[in-house]
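Asks: take a look and give me a structure for this.
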Amino acid sequence: MTPDQLQKLRDRAELLVDIFLEESDPTTWPGNGVPVAEMSKQVRGDRYWCKKNAVATLAAAHRVSALVELEMRLASGQGGDTDAQAKEQARLDAMAAEAEKEAERIMKDLERGSRASARSKVAKKLHGDKA
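Replies: The predicted structure is shown next:
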């Protein structure tokens, strides 16, 4: 991974954490201050979606941070022998390329207005077939 890519990943992780902090503020969720028993089904569902969205953002931040940390360990020589480092580097490059393609697909879905489809794909990617 190039130093430029590594810096972009660090910046992205920081941005994702900032977004998580905004999304995870319960005072901004639908139904804030309303007892659950008095919330409509729609408000409860919207509130639940806000929670899931914040968790998904945190999961993305965690994965990007883990990728940065692993890359830094490999670069500092803590990753073991050179052959293993090369294999790990190839794996990281493949993961980064896959993540970029997935992000492109999601952005195209969002641009086409199929937000539900994009959310479903992200949920399936993060949580497997359970979503």
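
Asks: mind listing the helices for the protein?
Replies: Remark: helices assigned in the chain by DSSP state H are 3-23, 41-75, 82-111, 115-127.

Asks: tell me the angle of the third one relative to helix 3-23?
Replies: Regarding helix 82-111 and helix 3-23, their directions subtend 50 degrees when assessed with axes from the mean of the first three to the mean of the last three CA atoms, to 10 degrees.

Asks: helices or strands next to helix 82-111 in the packing?
Replies: Packed against helix 82-111 by the contact rule (3 or more CB pairs under 8 Å, 6 or more residues apart in numbering; DSSP states H and E) you find helix 41-75, helix 115-127. C-beta: built from backbone N, CA, C; applies to glycine.

Asks: now do 10 Å
Replies: If contacts are counted by 3 or more CB pairs under 10 Å, 6 or more residues apart in numbering; DSSP states H and E, helix 82-111 sits against helix 3-23, helix 41-75, helix 115-127.

Asks: so which of these comes closest to G31?
Replies: Evaluated with CB to CB, the helices and strands packed on helix 82-111 place helix 41-75 nearest to G31, the distance being 4.3 Å.

Asks: could you dump the helices of the chain to a markdown table with mean pLDDT and mean neighbour count?
Replies: Formatted as a markdown table, the helices of the chain follow (pLDDT from 0 to 100; neighbours: other CB atoms under 10 Å):
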| stretch | mean pLDDT | mean neighbour count |
| --- | --- | --- |
| helix 3-23 | 93 | 14 |
| helix 41-75 | 91 | 16 |
| helix 82-111 | 77 | 12 |
| helix 115-127 | 66 | 14 |
